[in-house]
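J.: My questions are about this predicted structure, shown below with the sequence.
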Amino acid sequence: MNNYDCIVVGGGPAGLSAALVLARARREVLVVDGNRPRNRATYMSHGFITRDGTPPMTLRELGREDLATYPNVHFQWGEVQRITGVDGAFTASIKGVRGGPSGEVQARKVLLATGVLETLPQVPDLISYYGSTIFSCVHCDGWERREQSLVVIGENPELVNTAKRASQWADHEVVLTNGSGIIEAHQAEVLGRQGIEVDDTPIAALHGDGSRLESVELADGRVLPATGGFVQPEWSLPQVVADLVPTAGDLGGVKTDEYGRSGVDGVYAAGDVRGITPSQLIIAAGEGARAGIGLNNDLIFATFDAPGR
Ligand SMILES: Cc1cc2nc3c(=O)[nH]c(=O)nc-3n(C[C@H](O)[C@H](O)[C@H](O)COP(=O)(O)OP(=O)(O)OC[C@H]3O[C@@H](n4cnc5c(N)ncnc54)[C@H](O)[C@@H]3O)c2cc1C
């Protein structure tokens, strides 16, 4: 089989949830996943009701197990590199990963559930602590950092808002711009009124055991005690998304209607790829279900509109 009702690009909570709706709607579905989830850095996912504390990869495995009971859903490890064509007749080029096959498939519809790509500030060893004691989502990982001395690291304008949010959990908070000076004086004053310090000194090193943060060393030699924190990453879209929905980059994600329609006929989107805030597993799964319903409705209604019927 290489001609599907829908190809779902991405097998995270958004893609798997969309596929489940489409499976139960008797659609022939192919889910292609490159196995690079954004939350792969962490050991536990929080806030997904009935699955609070489940490892990210286990959550996905459980999703794939649900889908495996439907013979009309096919799962494949691979990167979708290019999608061409129009509504009703798309062609996707796939490069296999983890032993999955490479090749081309046809599909009537495309559902983008790729998530986003993430770039962290250039701070030595930040990657070691990311997902263990330093995180990007306060509502996902704030609880475990409650009443601690936290740092909030970033170089882009959203840093000030992340700093405000983190205050709900921090006992003591220092915002580190890593030399970027991105927090303006009036913003620093507002933060300062709540006891939050802002420091523009570049970060020289993170100290700890490689997963548990203990302190942050600044370029001027000062060492700030900190047991964890948050970071403000930069996010970008996978190339296949930018190619298929050219406006998405400028709009901060693929903007859709409530049924996941992207504005490009036959192309739907769900999850983080629609724009990163708010971003949670359960929100992505919910959006996947909505887009699956929208896509299936469009296929149903098109049969009534077709000429000669
Ligand atoms: C460190 C960290 C911790 C987090 N902790 C939590 C938490 O505790 N609770 C919570 O609710 N949320 C958490 N999040 C947020 C959560 O991970 C995301 O909101 C959620 O994963 C978004 O789901 P998604 O399906 O949209 O995208 P993803 O889960 O990122 O999945 C997208 C999938 O698409 C694949 N893909 C991308 N491009 C292609 C392509 N061209 N072809 C094929 N496949 C492709 C990727 O490989 C990936 O597997 C965390 C995020 C991070 C970074």
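T.: The structure has been received and is ready for your questions.
J.: So what sits opposite Glu118 in the bridge?
T.: For Glu118, the beta-bridge partners under DSSP bridges are Trp235.
J.: What is the burial count for it?
T.: 17 (other CB atoms under 10 Å). Quick note: C-beta positions are derived from backbone N, CA and C, even for glycine.
J.: Next: Phe75.
T.: 20.
J.: likewise Glu214?
T.: Count around Glu214 with other CB under 10 Å applied: 14.
J.: Verify the contact between it and Gly208 for me.
T.: Yes: in this structure, Glu214 is within contact of Gly208 by CB atoms under 8 Å, at 4.3 Å.
J.: if I've got this straight, Leu295 is in a strand?
T.: No: residue state for Leu295 (DSSP: H, G, I helix; E, B strand; the rest coil) corresponds to helix; a strand is not indicated.
J.: Hmm, Leu22 and it touching each other?
T.: Yes: using CB under 8 Å, Leu295 is in contact with Leu22, at 6.9 Å.
J.: Which neighbours do those two have in common?
T.: Cys6 (CB atoms under 8 Å, 6 or more residues apart in numbering).
J.: distance of Glu144 from the ligand?
T.: 9 Å (CB to the nearest ligand atom, to the nearest Å).
J.: same question, Pro101
T.: 13 Å.
J.: Also Leu159?
T.: In terms of CB to the nearest ligand atom, Leu159 sits 16 Å off from the ligand.
J.: Please save the CA atoms from the strand ranked longest in the chain in CSV.
T.: Using DSSP state E to define each element, the chain has its longest strand at strand 73-86. Output in CSV follows, covering the C-alpha atoms of strand 73-86 (Å, rounded to 0.1, in the frame of the first residue of the first chain):
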residue,chain,number,x,y,z
VAL,A,73,-3.1,2.6,10.2
HIS,A,74,0.5,2.1,9.2
PHE,A,75,3.5,3.4,11.1
GLN,A,76,6.9,4.0,9.6
TRP,A,77,10.2,5.4,11.0
GLY,A,78,11.4,8.0,8.6
GLU,A,79,11.9,11.7,7.8
VAL,A,80,9.5,13.2,5.3
GLN,A,81,11.9,15.3,3.3
ARG,A,82,9.6,16.9,0.7
ILE,A,83,5.9,17.0,-0.1
THR,A,84,4.6,18.0,-3.5
GLY,A,85,1.2,18.0,-5.2
VAL,A,86,-2.2,19.4,-4.4
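J.: any idea what sits nearest the closest residue to the ligand within the stretch 201-309 of the chain, other than its immediate chain neighbours?
T.: Going by CB to the nearest ligand atom, the ligand is nearest to Gly271 of the stretch 201-309 of the chain, at 2.3 Å. Leaving aside its sequence neighbours, Gly271 sits nearest to Ala14 (CB to CB, 6 or more residues apart in numbering; 2.8 Å).
J.: What's the local residue count around the one you found?
T.: 33.
J.: That one in helix, strand or coil?
T.: The assignment at Ala14 comes out as helix when based on three-state DSSP.
J.: same thing with Phe230?
T.: strand.
J.: Correct me if wrong: it contacts Val152.
T.: Yes: contact criterion CB under 8 Å: Phe230 and Val152 qualify, at 5.0 Å.
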